[in-house]
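>>> need a 3D model of the following:
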Amino acid sequence: MQKASFSRYDIFVIAILTILQFTLILDFMVLSPLGAILMPALKISTAQFGMVVSAYAFSAGISGFLAAGFADKFDRKKLLLFFYIGFIGGTLFCGLATNYHYLLLARIVTGIFGGVIGSISFAIITDLFRLEQRGRVMGFVQMAFASSQVLGLPIGLYFANLWGWHAPFIMIVLVSIVIAIMIIIYLKPIDAHLKIKSDRNPFMHLWKTISHSIYLKTFVATTLLATGGFMMMPFGTAFGVNNLKLTLAQLPLLYMVTGGFSMLTGPLVGKLSDSWGKYRVFFVGSVIMIAIVLIYTNLGPTPLWMVIILNIIMFIGISSRMISTSALISAVPDSTDRGAFMSINSSIQQISGGVAAYVAGLIVVQTATGELEHYDTLGYVVSGSIIITIILIWFLDQYVTQKTKAEIAKAP
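The predicted model follows:
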């Protein structure tokens, strides 16, 4: 039977995973608003900055893929702690970086550990919560995305303006240490998957996962989902400052207001995806995204209030897509493949995002006056990828629906 409500321990798990995701997302996202400060400080080009953003994604993707064969062989709590502690160390190195090459290396180290954590977290959610609850759970966990804008990015930008661009990374390290201690003390072992006997060695386990036909379709959908998310993000603040003519002082307000609305709508979107249907929510969010992306990427100088409204609508679309697909995709793998599937899916997402960010750096050109050219081209590419994902996610939704009916029929 479906649990009517969450227990106190359920709430703790949701909260700790949300805050953990907050540190991960902030670590990645903080580079985007720091771009306007970091590029002149380190004297790097848009292509080099795109590489710094991509370095995390590429190393995270490779790490997650290599870890996939072992992902279902260990207690998920221990696996989570191992990679999270490594992530903290990598972020500390970012905070101590003094030049482009040091920062690039630090991002690679951070990605090696950080890239696996998201997949472990989603495997934990799938282990502990029923499909009928996962929309709500994902809605709260994905609040980390909005929280990083409401709390993390404004505070990070404030610290960066006060003490330099290194400061936000040190802030993330301090918060992450507290989270790691909480996980050690309060999170129970998560090892039910270990009780299902499997004689597959890690390499056979990896091969079975990557060769499964429905898993492959999911991985293709994930690739295009990442393309839609990562192409615009790295140069968002540079576009806002140089093309939309916002000031650096206005950016914290923009992120705070946009993130505040995202925090409010996230749980509502999660609840709606459970009650109304995950694919329906995804479809509506995709249509919203296409409309706003095409408008936003073709803007010139724009008043702050209008940029805020467009960003709010855009992030409602993003949240609708992220939350609904996370919950839907979690139902695709079998229990014995869950860790490996999540690891590979996360790796593909990271690598695809890295490729998208790097390609964006090649497409976008910064003129002598600071303005970005060809940003509208990114909007057309993103819109095209969204249209294709609408079709792919429909097939996954049909598969999950049939799978769920079959499981209900088998139940005593």
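
>>> from memory Val400 sits against Pro333, does it?
No: Val400 lies out of contact with Pro333 (C-beta atoms under 8 Å); the separation is 10.7 Å. For the C-beta atoms, the positions are set from N, CA and C on the backbone; glycine is no exception.

>>> which helices and strands sit right next to the helix or strand hosting Tyr399?
Counting by DSSP states H and E, the element that carries Tyr399 is helix 375-410. Helices and strands touching helix 375-410, by 3 or more C-beta pairs under 8 Å, 6 or more residues apart in numbering; DSSP states H and E, are helix 213-230, helix 278-296, helix 304-329, helix 338-363.

>>> so of the ones you listed, which one's packed in deepest?
Burial of the helices and strands packed on helix 375-410 is given as mean neighbour count (mean count of other C-beta atoms under 10 Å); helix 338-363 ranks first at a mean of 25.

>>> show the average pLDDT along it.
Per-residue pLDDT over helix 338-363 has a mean of 78.

>>> what angle sits between that helix and helix 304-329?
150 degrees (axes from the mean of the first three to the mean of the last three C-alpha atoms, to 10 degrees).

>>> next, the angle helix 375-410 makes with helix 338-363.
Going by the same axes, to 10 degrees, helix 338-363 makes 170 degrees with helix 375-410.

>>> counting by contacts, list what helix 338-363 packs against.
Using 3+ C-beta pairs under 8 Å, 6+ apart: helix 338-363 touches helix 46-67, helix 100-128, helix 202-211, helix 213-230, helix 375-410.

>>> and of these, who's closest to Gly90?
Minimum separation from Gly90 across the helices and strands packed on helix 338-363 (C-beta to C-beta) falls at helix 100-128, 3.1 Å.

>>> give me the mean pLDDT for the closest one.
86.

>>> below-threshold pLDDT in the stretch 51-200 of the chain: ranges please.
Applying pLDDT under 70 to the stretch 51-200 of the chain flags the ranges 68-72, 145-146, 148-154, 193-200.

>>> picking that back up, can I get the helices and strands packed on helix 375-410 in CSV with distance to Leu42?
What follows is those, written out as CSV (distance: least, C-beta to C-beta, whole Å):
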stretch, distance to Leu42
helix 213-230, 21
helix 278-296, 28
helix 304-329, 27
helix 338-363, 15
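
>>> out of these, which comes closest to Thr389?
Closest among the helices and strands packed on helix 375-410, once you apply C-beta to C-beta, is helix 213-230, at 4.7 Å.

>>> quick one: that closest one to chain centroid distance?
Relative to its chain's centre, helix 213-230 lies at 13 Å (C-alpha atoms, centre = their mean, to the nearest Å).

>>> do stretch 43-58 as well
18 Å.

>>> residues contacting it, please?
28, 31-32, 35, 38-39, 100, 103-104, 107-108, 110-111, 114-115, 230, 234-235, 238, 350-351, 353-355, 357-358, 360-362, 364-366 (C-beta atoms under 8 Å, 6 or more residues apart in numbering).

>>> let's see it at 6 Å
Contact with stretch 43-58 is made by 31, 35, 39, 100, 104, 107-108, 110-111, 234, 350, 353-354, 357-358, 361, 366, as judged by C-beta atoms under 6 Å, 6 or more residues apart in numbering.

>>> swap in stretch 227-246?
32-33, 35-36, 50, 53, 301-302, 307, 352-353, 356-357, 360, 364, 370-372, 375, 378, 382, 385-386.

>>> what residues of it count as buried?
227-244, 246 (16 or more other C-beta atoms under 10 Å).

>>> mind checking which of these are in helices?
Among the buried residues of stretch 227-246, the subset assigned to helices under DSSP state H consists of Thr227, Gly228, Gly229, Phe230, Gly236, Thr237, Ala238, Phe239, Gly240, Val241, Asn242.

>>> turn those residues into TSV, columns for pLDDT and distance to Asp10.
Below are those laid out as TSV (pLDDT from 0 to 100; distance: C-beta to C-beta, whole Å):
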residue	pLDDT	distance to Asp10
Thr227	74	34
Gly228	68	32
Gly229	65	28
Phe230	70	32
Gly236	80	35
Thr237	78	37
Ala238	81	41
Phe239	87	41
Gly240	87	39
Val241	87	43
Asn242	87	46
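
>>> show me which of those is closest to Ile19.
For those, the nearest to Ile19 is Gly229 (21.6 Å; C-beta to C-beta).

>>> picking up where we left off before, of all the helices and strands packed on helix 338-363, which lies closest to Tyr9?
helix 100-128 (9.2 Å).

>>> backbone phi and psi for Gln366, please?
Per-residue torsions, Gln366: phi -100, psi 120 (degrees, to the nearest 10).

>>> nope, Lys77 is what I was after
Dihedral angles (degrees, to the nearest 10) for Lys77: phi -60, psi -50.

>>> how many neighbours does the residue lying closest to Ala331 once chain neighbours are set aside have?
Once flanking residues are discounted, Ala331 sits nearest to Val400: 4.6 Å by C-beta to C-beta, 6 or more residues apart in numbering. Using other C-beta atoms under 10 Å, the number of residues around Val400 comes to 20.

>>> before we move on, back to that, pull out the buried residues from the helix holding Tyr399.
Buried, per 16+ other C-beta under 10 Å, within helix 375-410: 375, 378-379, 381-383, 385-386, 388-390, 392-393, 396-397, 399-400.

>>> go on, stretch 246-253?
For stretch 246-253, by 16+ other C-beta under 10 Å, it's Leu246, Gln250, Leu251, Pro252.

>>> the second one contacts Thr302, doesn't it?
No: shown here, Gln250 and Thr302 do not form a contact pair, counting by C-beta atoms under 6 Å, at 11.4 Å.

>>> show the contacting residues for the residue lying closest to Met143 once chain neighbours are set aside.
Spatial nearest neighbour of Met143, chain neighbours left out: Gly266 (4.5 Å); criterion: C-beta to C-beta, 6+ apart. Counting by C-beta under 6 Å, 6+ apart, Gly266 touches Gly139, Gln142, Met143, Ala146, Ser319.

>>> what's the answer for Met138, then?
Applying C-beta under 6 Å, 6+ apart, the residues contacting Met138 are Gly270, Ile323, Ser326, Ala327.

>>> many thanks, we can stop here.
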